[in-house]
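Q: can you look at this prediction? I've put the sequence above it.
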Amino acid sequence: MSIIEDLFGVAGKSVVVTGGSRGIGLMIARAFVEAGARVYISSRKAEVCDKVAAELSEMGTCVSIPADLSTLAGIDTLVEGVSASEDALNVLINNAGAAWGAPLEDFPEDGFDKVWTLNVKGLFYCATKFLPLLRKAATPDDPARIINIGSIDGIRVPWFPNYPYSAAKAGVHMISRHLAHSVNKDHITVNAVAPGLFESQMTRFVYGDENVAEEVKDNIPLGRDGRPEDMAGVAIYLSSKAGSYLTGAVIPVDGGVSTHG
């Protein structure tokens, strides 16, 4: 085994990626499948989730477990589905999320509630309900991993009004730190990743206007948006031997945008 395979290998690990049927979640799920992990993806739309899992299964092992993770019943469905095939879980990636934009004084309550219920409450209970499986996989030399997908909008104020989303993502970062302290004795690491601009369903309003997209990219210090390998790289790192001594961190993957404050 080469030093790279030893440090960054994740083959044979069991991995759950919520919101894994599109966008950043799909970027991460595909990377783990190609790296030889057993991957379980979940999303609310069963047809889409099943189709993506079938496509990824052509490269390795990917299982679809559709569930609405904004509800405790949906989270239980996911945990039970994974438990039916796995005695232990090596990596949980909490990526499922929602966004909502509206003017300050017209922001709808249902939009606010939807964002917080999925992005914060759903993430928290997904993490806690998977703890028994994560503990079974965890060892001092190879901890189990929880990776929560936050956002640079939870680090600095964005240029567009997404009040509950930004606040919720800041909450994701803090919950990740709390959890890291709470489960460290169980040999489980917890970290958050804060992506910048990546093409996804949530950022379609940027990519739908070429002028807006170019203006946003011009304000990124590295001069470009994120690519699938950028998300794949940080997720593999945090899940491998190379990332086994890191916990409680919030890692910006944003081309330097967060350095602006």
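A: Ah, there it is. Residues are numbered from 1 along each chain as shown.

Q: now the strands for the stretch 101-250 of the chain?
A: 144-149, 188-195, 250-253 (DSSP state E, counting those that start in this stretch).

Q: tell me the mean pLDDT for the shortest one?
A: For strand 250-253, mean pLDDT rounds to 97.

Q: same check, this time on the longest one
A: Average pLDDT, strand 188-195: 98.

Q: ditto for stretch 37-56
A: Mean per-residue pLDDT for stretch 37-56: 97.

Q: likewise for stretch 3-23?
A: Mean predicted confidence for stretch 3-23 is 95.

Q: and the residue located most distally from the centre of the chain, what pLDDT?
A: The outermost residue of the chain, judged by C-alpha distance from the chain's mean C-alpha position using CA atoms, centre = their mean, is Glu105 at 30.6 Å. Here the pLDDT value assigned to Glu105 is 77.

Q: and Thr139, how far from Asn94?
A: 22 Å (CB to CB, to the nearest Å). Yep, even glycine has a C-beta here, placed from its N, CA and C like the rest.

Q: between those two, which is the more surrounded one?
A: Comparing Thr139 with Asn94 by other CB atoms under 10 Å, the one with more neighbours is Asn94, at 28 against 9.

Q: I'd say the more buried one and Thr18 touch.
A: Yes. Contact criterion CB atoms under 8 Å: Asn94 and Thr18 qualify, at 5.6 Å.

Q: what do these two both touch?
A: Cys126 (CB atoms under 8 Å, 6 or more residues apart in numbering).

Q: just checking, what packs against the helix or strand hosting Leu92?
A: Element membership of Leu92, judged by DSSP states H and E, is strand 91-94. On a contact count with 3 or more CB pairs under 8 Å, 6 or more residues apart in numbering; DSSP states H and E, strand 91-94 meets strand 14-18, helix 23-34, helix 123-129, strand 144-149.
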